[in-house]
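Asker: task: produce atomic coordinates for the following.
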Amino acid sequence: MSFATSPDSGHSGPNTPPRGQVPPVKPTKSSPVGKVYKYFLPENREQYQKVGHDERFMLRPFDESGFLDFLKLKDQLPEVVLGENLRKQESFLELANTAAQIIKDEYFSQGNTLEFRDTGNKSPPGHVTDTKCKPNITAAFQNNWKDDVVRWPFIQLAGETASRGKPPNIQRGQAISYLHYLLLARPDLYVAQGLLSSEKGLTFFFGIGGEGIREFHVQWDHERFDQLLCAFIYRLYQPGHFADSSYINIEFDKETTAKYTINIRISEREKRVVSGFYPIYARNPFATRTHVLSHPRFKLGDKNLSILKDQLCRVGRRFKELKILQEHVHKSTQVPGVVVATYGETIPIGEHLLKVRWKHRLGLGESGSPFTSIPTLSQVLETLFDVLEVLRYLRLHREVLYRDISSGNVLYVENSSDRSSPPKTVPLPQDLCFVKYLLGESNDPSKTSMLLVDFNLAEHLGPENGDKTRIDRTGTPIFIARAVERGAPVPPTLARVPGIPHSCSPYATAHPDRVEKFSSLIEKQHFDPDLRCIDVKKSRDEFSHELNHDAESVFWLLLYWAMVVQPEKGGKEMIGAEFWSQLIGDHDSRNRLIRNIAFPRPLPTNLIHSLYKPLEPLITRLAAVLVIDSHWLAAPDPRKDLYYITEAFQRLILNFIIDNRGKEFMHCRLAMCSRWMHNPVLSRTRMKSRLIDGWCAMKEVVNR
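Answerer: Numbers count the residues shown, from 1 in each chain. Reported below is the predicted structural model:
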């Protein structure tokens, strides 16, 4: 590709919009850092039990009065007798089905019967995370059982039967894990019900979305055992305040297992009942619980409304996603590569359930495939370059800081090349140019295959925000910048600070202002003896989330992809357990991983698949940029600039793409399965049981 103009001519290419001077950055600080929840693979039950279960989600247990008050059934059920001979662990299923039949005959004679079954050796299909966990006890309505199997979206209760071979805490953790997955599978429920049957009695569990888990234990010989069990089962028949009434109906669909009919409030006076929303994504059931549903053909007026996102957000939050997208991101000119919000509404939740959260529903006009479904390394690198371009544009020109780069928030939109398409006449955002234009694959600088979604944690840093209450959670575990997780700069160390990578001709032509700003940086040794006596408290007080931290998250996203993918060509290889544990560990663990990668030597064996060995120099150079936190650099050093890491990363990625275009490893497609985790301590049989079917959610619905 050739350009007709030079960097000094005032134009960046034949069809590139004029570039203006970089405006000064306002010294506005981002929000303080809050606690970050532990990371676990969303589809992996065992990891949830060992890592994801957090005692912060365990709320105060109910007493008998509180249990009935929560159910809103105090003194409302008839006196029933189920039979003392059934009140024991081995007879629980018969007991529960007897109670279910009595409740049905008394209150719901026209409906289906609720059935409790032993499903301990079967994994229910149809979960949005593709989990393979196996509840021992499952309750569902009779018409939803097919060949003794029920799909996750139709499960009313998932529970555990205690066995003598497992410690009580393990059994309790298993029962809690089913609540976690049931809340993810049921966007129509605010509260999921579960239980643990043991020799001592029953423990009833309530998974309250966005809040946590409450429980109530009743012994087999309790004088009101029958009435308490019937009260619990009544709410399975009639969820009442446990359910979101805007979900009108759920149907079985052969392709996706669940299809929802939802009552959407278009305005204060108008509602529409719309059928055909499919669940495609869910996470964080006990925190900011999020469900994403897809309807590719639905329009709101002349606008697409292909995606609905339901999210439980804290009451009184300063930043709202709809406002960020409509009033700040797309305020004057639509920003390419950023999702467009079509509509939003707030759904009230009774105080009886949630006192600290509201349910926000956001309608989005665009969709794409998960980041981990991007088929080749070349497309991954192009996507990451464009992510960095959008992040710096939003910070510079919109005063918006994204703050939550993760594999779930970067989508891929398949686009064909349009080198012959005419230039756009619509004014484009200033200082924005995506990789397809720089590579000569498009005549449109705004052409991108990347879509940034989920601005729930984004901040607008304008002066009008003042000192109002701010969001304190600032990232997704595994992808979050180390300093953000620490709440303070990464501790200094002896290392070399790299110089600025060279800028290739297309980049220099498109961005002469950027090239000039970072034109004279050479490698230098860094170690200040005085830093051994740093004031940790002061560094924490001065710290805030910034653009350079979002850029670091892009590095973790690339490393995550490179570690888990299995190419179609080349033998199957395993991930080293040591490196995986460092990646999913805390900030200190990931800091060790950064230092190990940053040295100019071959990467550790098994870190990435051998077919991608040519990618090692790029990963090493990106890591080297991150070793020394810019907080410790002297003020005159341009590397202290909040745009420096973004600049260095974009140059490195673009140079690598150009140097390796056409090479086989860049275009080798991925296999549907992911790499295994290798643990030399495990036996061969146990290693097979650790097969990582869903490290990167390859089987997620790609119509996202």
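Asker: please enumerate the strands of the stretch 251-400 of the chain.
Answerer: Using DSSP state E, counting those that start in this stretch, the strands of the stretch 251-400 of the chain run over 259-265, 271-283, 290-294, 299-300, 303-304, 307-314, 341-347, 357-364, 369-370, 400-401.
Asker: how about the stretch 551-700 of the chain?
Answerer: Taking DSSP E, counting those that start in this stretch as the criterion, the stretch 551-700 of the chain carries its strands at 565-567, 574-576, 670-674, 676-678.
Asker: next one: the third one to chain centre, how far?
Answerer: Between the centre of strand 670-674 and the centre of its chain there are 20 Å (C-alpha atoms, centre = their mean, to the nearest Å).
Asker: before we move on, the earlier item: mean pLDDT added to the strands of the stretch 251-400 of the chain, as a markdown table?
Answerer: What follows is the strands of the stretch 251-400 of the chain, written out as a markdown table (pLDDT from 0 to 100):
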| stretch | mean pLDDT |
| --- | --- |
| strand 259-265 | 92 |
| strand 271-283 | 89 |
| strand 290-294 | 91 |
| strand 299-300 | 82 |
| strand 303-304 | 80 |
| strand 307-314 | 89 |
| strand 341-347 | 87 |
| strand 357-364 | 89 |
| strand 369-370 | 84 |
| strand 400-401 | 94 |
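Asker: turn those strands into a markdown table, including distance to residue 206 and mean neighbour count.
Answerer: Yep, even glycine has a C-beta here, placed from its N, CA and C like the rest. Converted to a markdown table, the strands of the stretch 251-400 of the chain look like this (distance: least, C-beta to C-beta, whole Å; neighbours: other C-beta atoms under 10 Å):
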| stretch | distance to residue 206 | mean neighbour count |
| --- | --- | --- |
| strand 259-265 | 23 | 18 |
| strand 271-283 | 19 | 18 |
| strand 290-294 | 19 | 24 |
| strand 299-300 | 35 | 14 |
| strand 303-304 | 38 | 16 |
| strand 307-314 | 16 | 22 |
| strand 341-347 | 20 | 18 |
| strand 357-364 | 16 | 22 |
| strand 369-370 | 31 | 20 |
| strand 400-401 | 36 | 25 |
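Asker: next one: the residue nearest in space to the middle of the chain from residue 476, what distance?
Answerer: For the chain, the residue sitting closest to the mean C-alpha position, by C-alpha atoms, centre = their mean, is residue 408 at 4.4 Å. Separation of residue 408 from residue 476 (C-beta to C-beta, to the nearest Å) stands at 7 Å.
Asker: tally of neighbours for the residue nearest to residue 200 when sequence neighbours are not counted?
Answerer: In space, residue 200 comes closest to residue 219 once its chain neighbours are excluded; the distance is 6.0 Å by C-beta to C-beta, 6 or more residues apart in numbering. Applying the criterion other C-beta atoms under 10 Å, we find 12 residues in the vicinity of residue 219.
Asker: OK, contacts around residue 219?
Answerer: For residue 219, the contacting residues are 200, 201, 225, taking C-beta atoms under 8 Å, 6 or more residues apart in numbering as the criterion.
Asker: now do the phi/psi pair for it.
Answerer: Phi and psi for residue 219, reported as degrees, to the nearest 10, are phi -80, psi 160.
Asker: who does it form a beta bridge with?
Answerer: On the basis of DSSP bridges, residue 219 is bridged to residue 201.
Asker: from residue 234, how far off is it?
Answerer: Using C-beta to C-beta, which is the criterion applied here, residue 219 is 21 Å from residue 234.
Asker: check residue 335 too.
Answerer: Applying C-beta to C-beta, one obtains 50 Å for the distance of residue 335 from residue 234.
Asker: can you list the low-confidence ranges for the stretch 601-704 of the chain?
Answerer: Counting by pLDDT under 70, the low-confidence segments of the stretch 601-704 of the chain come to 677-704.
Asker: now the chain
Answerer: Scanning the chain residue by residue, the ranges that satisfy pLDDT under 70 are 1-54, 316-319, 350-352, 354, 415-430, 463-475, 525-541, 677-704.
Asker: show me where the stretch 401-550 of the chain has strands.
Answerer: Going by DSSP E, counting those that start in this stretch, the stretch 401-550 of the chain shows strands at 410-412, 450-452, 459-460, 495-497, 524-526.
Asker: mind checking which of these is nearest residue 616?
Answerer: Taking C-beta to C-beta as the criterion, strand 495-497 is the member of the strands of the stretch 401-550 of the chain that comes nearest to residue 616, at 18.0 Å.
Asker: in the closest one, what's buried?
Answerer: By neighbour count with 16 or more other C-beta atoms under 10 Å, strand 495-497 contains the buried residues 496, 497.
Asker: hmm, back to that, now the contacts of residue 219 as a markdown table including distance to residue 648 and neighbour count?
Answerer: Rendered in a markdown table, the data for the contacts of residue 219 read as follows (distance: C-beta to C-beta, whole Å; neighbours: other C-beta atoms under 10 Å):
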| residue | distance to residue 648 | neighbour count |
| --- | --- | --- |
| 200 | 60 | 15 |
| 201 | 61 | 17 |
| 225 | 66 | 18 |
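Asker: looking at the residues you listed, which one is closest to residue 454?
Answerer: Nearest to residue 454 among the contacts of residue 219, counting by C-beta to C-beta, is residue 201 at 42.3 Å.
Asker: please report the distance of the closest one from residue 163.
Answerer: 16 Å.
Asker: same deal with residue 273?
Answerer: If you measure residue 273 against residue 163 using C-beta to C-beta, the figure is 46 Å.
Asker: with residue 390 instead?
Answerer: Counting by C-beta to C-beta, the gap from residue 390 to residue 163 is 51 Å.
Asker: more neighbours, those two?
Answerer: In this comparison of residue 390 against residue 163, neighbours counted by other C-beta under 10 Å, the higher total goes to residue 390 at 23 against 12.
Asker: tell me the contacts of that one?
Answerer: Contact analysis of residue 390 by C-beta under 8 Å, 6+ apart lists 335, 336, 337, 338, 432, 450, 452.
Asker: next: residue 277.
Answerer: Residues near residue 277 by C-beta under 8 Å, 6+ apart: 259, 260, 261, 262, 293, 294, 295, 298, 308.
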